[in-house]
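Novice: Need coordinates for the below:
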Amino acid sequence: MKELHDRLKSLIQEHSGSISMAEIARKANIDRSTLYKILRGERKPTASQLSALLDVLNVSPEQYHSMLFLFDASHSSQSEKDCNSQIYSLLRSICMVQSSILAPYSTPPLFHDSEQIVPPFTIQGLTALKNWLRRILYRYATSNSALPLYLSPTTSKLVTDCLVEVFSLPEATNHTVKQLCLFAKNTNAELDFMQNLRTLSNSVPFLFLEKMQYQARLCNSSTSIPTPGILMPIYLLFPAAALFIDISEQKAIYIQDSNAVEFLRQQFSQQYLNTQKALFLDAQPCSCEQAMRQTNSLARTGGPACWLRYDPPLLRCIDSNLAMRLILPESISAQAGIQSLLDRLEDIINLAPSCYFSEDGLLDFVSHGKLGDVPDDLYHPLSPSIRRLLLERLKELCITSPTPVRLVDSKLLPLAPNVIIDVYESTGIQMFQKLVHKNESSFRSCHIHEDSITSALINYLVHFETNGFVRSKQYTVDFIDYCIRKLV
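Specialist: Below is the predicted model of the structure:
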């Protein structure tokens, strides 16, 4: 606690020439005597008080995150800090994966017709292994094979990167990839629980690949890490070949014996069908109206819920009367979409989810008047007067809502415009990826249902004061005020 006190005192002293203690206390909504006690080390600041002080002092994102980390360190055990750090990594990997899979990739070298492979074939060295893996993945991804690729519970960054690279190429065709994710039964053990989180983090990139239909099931185990003694725990089972890789990624064996490959695939399929389904990515995109129906179904289960999205949660500010005013007359015939929207508005009122959104999304709404959660064909972009009305309601919601409605620091958690994350305590984590093709929008959905992961994520988001990336209530209100003034 002493380090936190010393750092806070130093930050305030740095700003003493530009702002008085009385002004700091007023802007942070802290009693002046309480602030002096905090600076003398006689009282510990609460999470909300610390967050408000850091906002007033306008510290850098790095300082902000560092101070909240120190606060967290003084209030929790090391294991809790490690778990929170891994949950943050999971969220960040979801938010940032789209930018990584859009990176330009080069086509890997093909097999020459004259190249002869004598199975079993041994590959030595990381560079040789990477080149070989890219080539056999490319041959599979561009083939017409209808059989799935099977992926081992243990993977590596090399395997993940090569899969993302090859399936991002324009010449890749649609293929199914199935994986057995190794999950520990004892999620009360912090080490196993954090490894379970890493398993999900490693799976995230596959969920956003349009050419890959990724499905995963949980393979319960006494431990969440590879069993000691397994020489080559990483494997890929292709329709007519198998590749086994050691954990150090320095050696691999490539097998093409048809009987051996068929036996391995049968064993994998049998175990896969006998395990719990954890992840499922829809094979076909769904419409916005279908996505709303899915979300409505999850929302009606009740319990705490959290939303993370690029766009502001303006559906919490729209009642049915305003919704009917905004809907285009020519869309009245689209009764299914309208009814799904009205049902969604009713469910949101009853659910009152915690909402976290981005500054860029709010500014985009100010500029373009588009509602991210409503099908584009149901309404015209909103007029400036309607935008102001919704922002006034959003500001009031931020002040009065019993559940948090907050901006996030985009440097620490860069919410992507085409990714929606909903977390429901009773039904799990639902992710939607928005796809735009020839000016028409559709969605792909992924559902993660694992009780310990869902509960930890809900708890982490609800206790937002200590997670570092959520802005304070005052900061959020002031930024909404700034957006309202831009529309005057």
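Novice: Now do the SS call for Cys306.
Specialist: At Cys306 the chain is in strand, as set by DSSP: H, G, I helix; E, B strand; the rest coil.
Novice: What about it, how many residues nearby?
Specialist: Neighbours of Cys306 under the rule other CB atoms under 10 Å: 22. To be clear about C-beta, it is placed using only N, CA and C from the backbone, and glycine gets the same treatment.
Novice: got it, and Asn259?
Specialist: 7.
Novice: so is it in a helix, a strand, or just coil?
Specialist: helix.
Novice: could you measure it against Ile245, distance?
Specialist: Distance of Asn259 to Ile245, computed by CB to CB, to the nearest Å: 22 Å.
Novice: And the host helix or strand of Ile12, what does it pack against?
Specialist: For Ile12, the element it lies in under DSSP states H and E is helix 2-14. Where contact means 3 or more CB pairs under 8 Å, 6 or more residues apart in numbering; DSSP states H and E, helix 2-14 is packed against helix 32-39, helix 47-57, helix 61-75.
Novice: Just the buried residues of the host helix or strand of Leu457, please?
Specialist: Using DSSP H and E, Leu457 maps to helix 451-462. Within helix 451-462, the residues that count as buried by 16 or more other CB atoms under 10 Å are Ser452, Ile453, Thr454, Ala456, Leu457, Ile458, Tyr460, Leu461, Val462.
Novice: The second one contacts Ile429, doesn't it?
Specialist: Yes: at 7.4 Å, Ile453 and Ile429 qualify as touching, with contact defined as CB atoms under 8 Å.
Novice: Please indicate which of the helices and strands packed on helix 2-14 has the most neighbours on average?
Specialist: helix 47-57 (a mean of 21; mean count of other CB atoms under 10 Å).
Novice: Residues in contact with that one: which ones?
Specialist: When contacts are defined by CB atoms under 8 Å, 6 or more residues apart in numbering, helix 47-57 is touched by residues 8, 11-12, 15, 19, 24, 27-30, 34, 38, 45, 63-64, 67-68, 71, 465-466, 471-475.
Novice: Over to Gly372. Which of the three states is it?
Specialist: coil.
Novice: which ones are touching it?
Specialist: Shown in contact with Gly372 (CB under 8 Å, 6+ apart): Arg309, Tyr310, Asp311, Gly361, Pro417, Ile420.
Novice: Skip the chain neighbours and tell me the closest residue to the second one.
Specialist: For Tyr310, ignoring the flanking residues on the chain, the nearest one in space by CB to CB, 6 or more residues apart in numbering is Gly361 at 4.1 Å.
Novice: so where does that neighbour fall, helix or strand?
Specialist: helix 359-368.
Novice: Return the set of buried residues in that helix.
Specialist: Buried residues in helix 359-368, counting neighbours by 16+ other CB under 10 Å, are found at Glu359, Gly361, Leu362, Asp364, Phe365, Val366.
Novice: element containing Leu413?
Specialist: Secondary structure (DSSP H and E) places Leu413 outside all helices and strands.
Novice: show me the contacts for Leu237.
Specialist: Taking CB under 8 Å, 6+ apart, we find Leu237 in contact with Leu149, Tyr150, Leu151, Val261, Leu264, Arg265, Phe268.
Novice: Look up phi and psi at the first one.
Specialist: It stands for Leu149. Dihedral angles of Leu149 (phi, psi; degrees, to the nearest 10) stand at phi -90, psi 130.
Novice: Can you tell me who it pairs with across the strands?
Specialist: Val177 (DSSP bridges).
Novice: From Gln213, how far out is it?
Specialist: Distance, Leu149 to Gln213, using CB to CB: 10 Å.
Novice: hey, what's in contact with both of those two?
Specialist: With CB under 8 Å, 6+ apart as the test, Leu149 and Gln213 both reach His175, Thr176, Val177.
Novice: The last one reaches Phe206, doesn't it?
Specialist: When you say that, I think you mean Val177. Yes: contact criterion CB under 8 Å: Val177 and Phe206 qualify, at 6.6 Å.
Novice: between the two, what contacts are shared?
Specialist: Joint contacts of Val177 and Phe206 (CB under 8 Å, 6+ apart) are Leu163, Met212, Tyr214.
Novice: Could I get the pLDDT score of the closest residue in space to the second one that isn't next to it in sequence?
Specialist: To tie it back to what came earlier, the one meant is Met212. Among residues not flanking Met212 along the chain, Phe167 sits closest, at 4.5 Å (CB to CB, 6+ apart). Phe167 is assigned a pLDDT of 90 by the prediction.
Novice: contacting residues for Phe167?
Specialist: Ala141, His175, Leu209, Lys211, Met212.
Novice: The closest residue in space to the first one that isn't next to it in sequence: which element?
Specialist: It refers to Ala141. Leaving aside its sequence neighbours, Ala141 sits nearest to Ala172 (CB to CB, 6+ apart; 4.3 Å). Here Ala172, judged by DSSP H and E, is contained in no helix and no strand.
Novice: How many neighbouring residues does Leu326 have?
Specialist: 17.
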